[in-house]
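Participant: Kindly return the folded structure for what I paste below:
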Amino acid sequence: MKEHDLRPAEGATQKRKRVGRGTGSGKGKTSSRGQKGQNARNGGRVRPNFEGGQLPLTKRLPKLRGFHNRFKVLYVPVNLDQLDRLFAPQAEVTQASLASAGLLGNANDPVVVLARGEVTKPLTVKVHRISTVARQKIEAAGGAVETLDYPVNKRLPRS
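Facilitator: Below is the predicted model:
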């Protein structure tokens, strides 16, 4: 096969529609635009969100309703079964150790420990918040819990 033998597949190409080239072409006179009206005019078309004069959907939907607390602290949840799986006995669980274990995206994110699962080894947990049941389970396993203060005025991550 030579370069001059190459052709597109059958039906892959179509001829360009030439409108306004006489009545014999089948696309003459009004050039397939109908008689009169906005769409028959030069440059005339309806904008994408136009609904025939009805109030458009984009205007009917509510805009930014409600109150958004810009000082809300979003805690990253960590469960007891994760701590039991990832940490050795007598280990200290901090933000840095949680981040290195892959449980935190950012080492500065505030952490809350929740009570899903069980703890079978003593751990020293230093986090910002902890549920009451999680605290009881850690202390029952021989561990200790310390809660940290989080600066309120610091800009916090949104998840």
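Participant: ranges for the helices of this protein?
Facilitator: Listed in chain order, the helices of the chain (DSSP state H) span 57-60, 80-86, 95-100, 132-140.
Participant: Contacts for the second one, please.
Facilitator: Contacts of helix 80-86 with the rest of the structure, by CB atoms under 8 Å, 6 or more residues apart in numbering, involve 93, 101, 103, 113-121, 123, 125, 134, 137-138. C-betas here are computed from N, CA, C, even on glycine.
Participant: Give me the buried entries from those.
Facilitator: Neighbour counting by 16 or more other CB atoms under 10 Å classes 93, 103, 113-115, 119, 123, 125, 134, 137-138 among the contacts of helix 80-86 as buried.
Participant: Between the two ends of stretch 7-19, how far is it?
Facilitator: Stretch 7-19 has its terminal residues 27 Å apart, counting by CA to CA, to the nearest Å.
Participant: and that stretch, how far from the chain's centre?
Facilitator: In this view, stretch 7-19 has its centroid 42 Å away from the chain centroid, taken as CA atoms, centre = their mean, to the nearest Å.
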